[in-house]
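Asker: structure here, sequence nowhere to be found:
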C-alpha cells in the first residue's frame, strides 16, 4: 500500500484520515511503463472512481467509491501506478479511464502524456503528444472531463490558462484556447465535469461554468456545498452521474457531494446538494464515473383492516440497478368511492381527489422507499388498484415499473345474493341444484342456510 494521508478500508468500511509525512520524488521508480491498460471497465456496472496521492510525487492509486448510509468506502483497483497522474476522465465510448501524467520516472511516458487505464488499474500511453500549460510548463494538468457529444477530453491546469481538447481515440490535440484569466483552483475549483453539455467546477466561492470561448460564469451558490474543512479546501475530484447530476469530492475533508443542476445552459443555473457523505481525504485527488444502469421497480400490496371497513395499500419502490437513481416519481389513481384517504411515508406523498403522487430526488442502489395509503371503503365498487413508478434516468426494464393489487370487496351479510366480486360470501347450494339441497337436508343440516366460503 502507498504511504498517503489516509487508511483505506474495504467495502462497507469507513475511511479514517491520518497524517503521514509526504513522499519523496524518489518513490517514483524509473524504468519502463506498465505494459497495457488491459480490459475495459464493465459499462453495465455503474462505478465512481477516484485517483489519490498524498502529494505531487507520491505514486497514484486508483479506487472505486461505494456509497454507504453515511460514508463512502474506497476499494483499491490494482496496485499503485509507477507514476503520478491526474485529470481523470471516463470515456463512455470505449469504457476506459483517461488521465494526464503529472510526474514520472518513465522516459517513454513523460509529464503531460495521455494514458488509458483499464479495469485492473494497468495503463498505457495514448499517442505521443504532451500537454503543458502555455503560461507555465511546470504546472500540472489536473482538471479533466470527457465530452460524450464529441468524444473529446477537456483538460486544464487548475492554476493555468490553457484548455486542451484531446481526441480520446488517438491522443491528438483537437484544439487549445486560453481562458480570459488565470484559473484559481481554490476559488473556482480544481476539477470539472459536464452536465447538460456545460462544464462546471466547484470552488471556495461556489459553482462556475467554463465556456468554450474562454469565459467563466459564476459564482453560483448552493446551501451545504462547502467543505467542513474550511473555505480553502478544494473539490479536487468531479464527475458526471446519471440524470446529469454532478459529483464532487473535497481533498481536505474527503466529503463527497451529489449535486442536482437545473437549467445548466441558463444565464443563472441552480444547484442543489442532494447528498453529502464522508469520504477519504487526499492531497492529490481526482474523480470520474461510469453511468451504469438504474432499474426502478414498484410493488403494491393491500389488505382490509378495521373489520373490513377500511383498506390499506403499501407501495414499495426499489432501485434494483447498479447505479444510483437521480430521482423518481410515484403515481396511483385510487378506486373511486373511497373516502377519507390518507397517505404517509417517503417522497412527501399527497392525494388530490383519487390521485396519489410522491417523488424523491435520490435513490441509492438497493435502497427502498415506502408509501402507505389508508382509506374508508365507503361506496367503492372495486378495490383493484395499480401503482406506477417513473425515474429521471433511462430504465431498461419497464415491466417492473407497474404493480397491481386486486382485493375483493367485503361480504355484505344482509345481501347473500350480492354478485361475487372474488372474496365476498355467496350462497353455496345453487351450485348443487335441488338434489344437492335435498342431500344437505338429509345430512342433518336441517335447512340451515350455509353462509358460503371465501374465494381469494
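Answerer: Okay, I see it. Keep in mind it's a predicted model, so treat the numbers as computed, not measured.

Asker: mind pulling up the pLDDT for the residue positioned nearest the centre of the chain?
Answerer: Geometric centre of the chain, nearest residue: residue 324, 2.7 Å, by CA atoms, centre = their mean. Looking at residue 324, its pLDDT reads 84.

Asker: I'd say it and residue 65 touch.
Answerer: No: the criterion here is CB atoms under 8 Å, and residue 324 misses it with residue 65 at 11.1 Å. The way it works is simple: take the backbone N, C-alpha and C, and place the C-beta from them, glycine included.

Asker: quick one: the helices in the stretch 51-200 of the chain?
Answerer: Remark: helices assigned in the stretch 51-200 of the chain by DSSP state H, counting those that start in this stretch are 185-188.

Asker: show the low-confidence segments of it, by residue range.
Answerer: By pLDDT under 70, the stretch 51-200 of the chain contains no weakly predicted segment.

Asker: which parts of it are strands?
Answerer: In the stretch 51-200 of the chain, the strands defined using DSSP state E, counting those that start in this stretch lie at 61-67, 72-76, 83-90, 97-104, 113-117, 123-130, 143-147, 152-156, 162-167, 172-178, 192-195, 198-203.

Asker: so which of these is the most surrounded?
Answerer: Mean neighbour count, computed with mean count of other CB atoms under 10 Å, is highest for strand 83-90 among the strands of the stretch 51-200 of the chain, reaching a mean of 28.

Asker: among the strands of the stretch 51-200 of the chain, which is nearest residue 353?
Answerer: Of all the strands of the stretch 51-200 of the chain, it is strand 192-195 that lies closest to residue 353, at 36.7 Å by CB to CB.

Asker: the closest one pairs with which strands, parallel or anti?
Answerer: Strand pairing for strand 192-195, determined by DSSP bridges: strand 198-203 (antiparallel).

Asker: look up how far residue 57 lies from residue 386.
Answerer: Look at residue 386 and residue 57: by CB to CB, to the nearest Å, they are 61 Å apart.

Asker: equivalent analysis for residue 42, please.
Answerer: Residue 42 sits 33 Å away from residue 57, going by CB to CB.

Asker: compare these two (neighbour count), which wins?
Answerer: residue 57 (17 against 13; other CB atoms under 10 Å).

Asker: phi and psi next, for the residue nearest to residue 384 when sequence neighbours are not counted.
Answerer: Nearest residue to residue 384, sequence neighbours excluded (CB to CB, 6 or more residues apart in numbering): residue 406, at 4.8 Å. Note on residue 406: its backbone torsions stand at phi -120, psi 110 [degrees, to the nearest 10].

Asker: and the pLDDT for residue 406?
Answerer: Note on residue 406: pLDDT of 93.

Asker: what about it, how many neighbours?
Answerer: Neighbourhood size, residue 406 [other CB under 10 Å]: 14.

Asker: ok, now how distant is it from residue 305?
Answerer: In terms of CB to CB, residue 406 sits 17 Å off from residue 305.

Asker: what do you get for residue 214?
Answerer: Relative to residue 305, residue 214 is positioned 66 Å away (CB to CB).

Asker: list the residues that contact residue 276.
Answerer: Residues in contact with residue 276, defined by CB atoms under 8 Å, 6 or more residues apart in numbering, are 224, 255, 256, 257, 258.

Asker: output the below-cut-off pLDDT ranges for the stretch 351-456 of the chain.
Answerer: Confidence mapping of the stretch 351-456 of the chain against pLDDT under 70 gives the ranges 412-456.

Asker: if you set the cut-off to 50 instead, what comes out?
Answerer: 417-456 (pLDDT under 50).

Asker: just the strands in it please.
Answerer: So, for the stretch 351-456 of the chain - with DSSP E, counting those that start in this stretch - the strands run 355-360, 368-376, 385-391, 402-405.

Asker: quick one: list the elements packing against the helix or strand containing residue 311.
Answerer: If you go by DSSP states H and E, residue 311 is part of strand 310-319. Judged by 3 or more CB pairs under 8 Å, 6 or more residues apart in numbering; DSSP states H and E, strand 310-319 is in contact with strand 296-305, strand 328-333, strand 368-376, strand 385-391.

Asker: adding mean neighbour count and distance to residue 187, write those out as CSV.
Answerer: Below are these laid out as CSV (neighbours: other CB atoms under 10 Å; distance: least, CB to CB, whole Å):
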stretch, mean neighbour count, distance to residue 187
strand 296-305, 17, 39
strand 328-333, 20, 36
strand 368-376, 19, 38
strand 385-391, 21, 36
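
Asker: rewinding a little: what angle separates the strand holding residue 311 from strand 368-376?
Answerer: Orientation check (axes from the mean of the first three to the mean of the last three CA atoms, to 10 degrees): strand 310-319 against strand 368-376 gives 170 degrees.

Asker: partners of strand 310-319 in the sheet?
Answerer: strand 296-305 (antiparallel), strand 368-376 (antiparallel).

Asker: distance to residue 184 for those - can I get that in CSV?
Answerer: Converted to CSV, the strands paired with strand 310-319 look like this (distance: least, CB to CB, whole Å):
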stretch, distance to residue 184
strand 296-305, 41
strand 368-376, 41
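
Asker: of these, which is nearest residue 397?
Answerer: Nearest to residue 397, of all the strands paired with strand 310-319, is strand 296-305, at 7.8 Å by CB to CB.

Asker: need the residues that contact that closest one.
Answerer: For strand 296-305, contacts defined as CB under 8 Å, 6+ apart pick out 310-321, 325, 328, 330, 332, 363, 374, 377, 383, 385-391, 395, 397, 400-405, 407, 410.

Asker: among the residues you listed, name the buried ones.
Answerer: The neighbour count (16 or more other CB atoms under 10 Å) marks 310-319, 321, 325, 328, 330, 332, 363, 374, 377, 383, 385, 387-389, 391, 395, 401, 403, 405, 407, 410 as buried among the contacts of strand 296-305.

Asker: neighbours of the residue nearest to residue 182 when sequence neighbours are not counted, how many?
Answerer: Closest residue to residue 182 apart from its sequence neighbours, by CB to CB, 6+ apart: residue 161 at 5.3 Å. Look at residue 161: counted by other CB under 10 Å, it has 19 neighbours.

Asker: list the contacts for residue 161?
Answerer: By CB under 8 Å, 6+ apart, the neighbours of residue 161 are 133, 134, 135, 178, 179, 181, 182, 183.

Asker: same thing but 6 Å
Answerer: Residues near residue 161 by CB atoms under 6 Å, 6 or more residues apart in numbering: 135, 178, 179, 182.

Asker: try residue 190
Answerer: Applying CB under 6 Å, 6+ apart to residue 190 gives the contacts 158, 234, 236.

Asker: to residue 337, which of the strands of the stretch 51-200 of the chain lies closest?
Answerer: That would be, of the strands of the stretch 51-200 of the chain and by CB to CB, strand 61-67, which comes in at 43.6 Å.

Asker: great, nothing more from me.
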